[in-house]
Structure formats: structure tokens, C-alpha cells
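Asker: Build me a structure from this.
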Amino acid sequence: MEWLHIVLRSLGAITMLFILTRILGKKQISQLTFFEYITGITLGELAGFISTDIENNYMHGVIALVVWVMVPLLVELATLKSKTLRQWFEGKGTILIEKGKVLEKNLKRERYTADELLEQLRAKSVFNMADVEFAVLEASGELSVLLKKENQPLTPKHLGIKVAPERETQAVIIDGNYMDEPLSTAGFSREWLDTELEKIGVIKDNVFIGQVDSYGQLYVDLYDDVLQLPENTQKPLLYATLKKCEADLTLYGLATQNEAAQAMYRHGAEQMQEVLKQVMPLLKR
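Answerer: As a prediction, this is how the structure comes out:
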């Protein structure tokens with residue numbers, strides 16, 4: 001019955017490894033530092049040892065697992081309060097490019113070749129090293145890159161455009177079923193959702209995924225990929241209507257000879273321009 005013994009030992013090792021890894025936290029499955037790297041390898045080796053080495057004492061392996069979890073845990077708690085310990089155990093970043101210049105000494109110290117540097121830059125969608133202002137090799141081995149100002153992508157802030165804040169998009173239908181909690185979080189009801197589906201001529205059972213964004217816009221992906229959904233024109237229509245109102249007010253002001261009416265229409269047109277400026281981030285997206 002050795003196979004049953006191995007099965008039971010393996011199940012116990014898996015359970016303990018899962019619990020102990022949960023105690024260590026999410027860092028153990030993300031970008032690892034040197035210390036976390038050797039900890040992860042050793043925990044895996046110990047789990048394999050206590051699963052299959054039936055000739056040795058099972059509890060000895062369990063004690064070794066606990067020790068290899070407690071030591072990193074204590075070290076992590078200590079590094080939270082000490083920058084010196086944090087740098088010693090986790091390492092620190094190394095600057096590889098500064099002010100557009102490659103620091104060859106730092107490359108050599110990290111045993112990085114020019115080809116490896118270029119490969120890491122390409123992984124960041126940077127194919128011309130002349131575009132780089134600053135690059136640092138993090139303790140985790142990840143290369144962080146800052147492009148020169150003229151090579152950075154434009155944002156609405158650069159253009160002086162005010163953008164409305166975003167909230168998390170909620171998945172309100174999955175596999176043809178209502179997701180009541182996300183729907184409630186978005187501030188809508190099933191009745192509202194049914195109305196929106198009816199507008200585009202879709203039944204709930206044909207929806208693979210349905211999402212509502214922060215502006216109350218419903219997007220659906222259907223099981224039936226052949227079915228073409230109509231484009232949502234609510235926002236363009238509202239924007240066009242507001243622009244027409246502004247144009248009409250301006251036109252009325254030009255058409256009348258009454259000075260008081262001209263002032264009234266001009267004031268109304270200015271107010272409409274302000275409204276358009278405020279709602280444009282919501283409607284032009």
C-alpha cells in the first residue's frame with residue numbers, strides 16, 4: 001500500500017504548501033526578489049521530498065517547511081521597518097540609462113550585454129535607444145523605462161482637455177445570466193437592462209458577456225457572432241442636438257433687430273457653449 005501512503009503524504013504536502021504560501025502573501029507569486037526566489041525553490045523541493053520519501057520521518061519535512069516559511073516571513077516583517085535590511089535582502093534598482101546615455105559600468109556590474117538591454121527595451125515597445133531618457137533595472141529584474149519628453153504619448157492633459165473620471169466597468173450579464181451585484185453597483189436594475197437589450201433587439205439568453213461602463217453605456221458580445229448589432233447613437237445625437245441649439249440661438253440673435261432680444265439670444269448661446277464644453281468629455285469618447 002505504498003502508493004496510498006504517497007497519495008496521503010502528497011495531499012498533506014499540497015495542503016500545507018498552499019496554506020504556507022498564502023501566509024507568505026502575493027509577492028511569492030509575482031516578481032520575486034533573490035530571497036523570495038530561493039524560498040520558492042526550496043519550498044517546492046521540500047514538498048516533493050515529504051511527498052515521496054516514505055523512508056524518512058514525515059514530521060521532519062513538515063518542520064523544515066514551517067522553518068522555511070517562518071524565516072522569510074520574519075525577514076519580510078523586519079524589512080518593512082528597515083530600509084537598510086530591505087536593500088540588503090531585496091536589492092535595489094540599477095540605473096542603466098541616464099539622460100539618454102548608457103552607463104556601461106552598471107551594465108557590466110549587472111552582467112548585462114548590449115543585446116540583452118536592447119531586447120528588454122523592445123519588450124517595452126522601445127525600438128530606438130535614442131528615445132530613452134532614463135532606464136533602471138529593478139530589484140525584481142524588470143526594466144523600467146522613461147521616454148524623452150518629445151517621445152512620450154500625448155494625453156488629454158497635454159492638449160488641455162478635461163476628461164471625465166472613470167469608474168470600473170461592471171459585467172452585468174455573463175453566459176446569459178444576470179449578475180445582480182455588479183448591476184446594483186452600476187446603479188441599474190434588471191428592468192433597465194431589459195429595456196436596453198430591447199433597444200438593440202437582443203434577448204438575454206443570446207448574450208455571452210454584457211458590460212456597463214461608468215456612463216451607463218451597455219456593450220454586449222453575443223453567442224451568435226453573425227448577428228450585427230446597431231451602433232449606439234444616443235451620445236452623438238445628444239451632442240448634435242446641443243450643437244444645433246447653440247447654432248439656432250446664434251442665428252436668432254443675428255436675425256432680430258431688437259437689441260434686448262439680441263442680448264438674450266447671445267447670452268443663451270454663450271450658456272450653451274459652456275454646457276457643450278462641460279459635457280463634451282462625456283459625449284465625445
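Asker: K162 touches P156, doesn't it?
Answerer: Yes: assessed by C-beta atoms under 8 Å, K162 is found in contact with P156 at 7.4 Å. To be clear about C-beta, it is placed using only N, CA and C from the backbone, and glycine gets the same treatment.
Asker: Looking at strand pairing, list the partners for I173.
Answerer: Legend: beta-bridge partners of I173 under DSSP bridges are Y178, G210.
Asker: Relative to T39, how far out is it?
Answerer: Distance of I173 to T39, given as C-beta to C-beta, to the nearest Å: 43 Å.
Asker: And these two? Which one has more around it.
Answerer: Under the neighbour definition other C-beta atoms under 10 Å, I173 and T39 were set side by side, and I173 has more, 24 against 21.
Asker: From N206, how far out is that one?
Answerer: Taking C-beta to C-beta as the measure, I173 falls 10 Å from N206.
Asker: Show me what the mean pLDDT comes to for stretch 238-253.
Answerer: In this model, stretch 238-253 has an average pLDDT of 83.
Asker: actually stretch 138-153, sorry about that
Answerer: pLDDT averaged over stretch 138-153 gives 85.
Asker: what's the answer for stretch 175-189, then?
Answerer: Averaging pLDDT along stretch 175-189 gives 89.
Asker: Extract the CA atoms of it and return them as CSV.
Answerer: The C-alpha trace of stretch 175-189 is given here as CSV (Å, rounded to 0.1, in the frame of the first residue of the first chain):
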residue,chain,number,x,y,z
ASP,A,175,-23.3,33.4,-20.0
GLY,A,176,-26.8,34.7,-20.5
ASN,A,177,-27.3,35.2,-16.8
TYR,A,178,-27.9,38.4,-14.8
MET,A,179,-25.2,39.5,-12.5
ASP,A,180,-27.2,41.3,-9.8
GLU,A,181,-24.4,42.6,-7.6
PRO,A,182,-22.4,44.3,-10.5
LEU,A,183,-25.7,45.6,-11.8
SER,A,184,-26.6,47.1,-8.5
THR,A,185,-23.0,48.5,-8.2
ALA,A,186,-23.5,50.3,-11.5
GLY,A,187,-26.8,51.7,-10.2
PHE,A,188,-29.2,50.0,-12.5
SER,A,189,-31.9,47.3,-12.3
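Asker: That stretch: which residues count as buried?
Answerer: Y178, M179, P182, L183, A186, F188 (16 or more other C-beta atoms under 10 Å).
Asker: before we move on, what about stretch 186-203?
Answerer: Neighbour count says stretch 186-203 has A186, F188, W192, L193, E196, L197, V202 buried, by 16+ other C-beta under 10 Å.
Asker: and K162, that's in a strand?
Answerer: No: secondary structure of K162 (DSSP: H, G, I helix; E, B strand; the rest coil): coil, not part of a strand.
Asker: tally of neighbours for it?
Answerer: With other C-beta under 10 Å as criterion, K162 counts 10.
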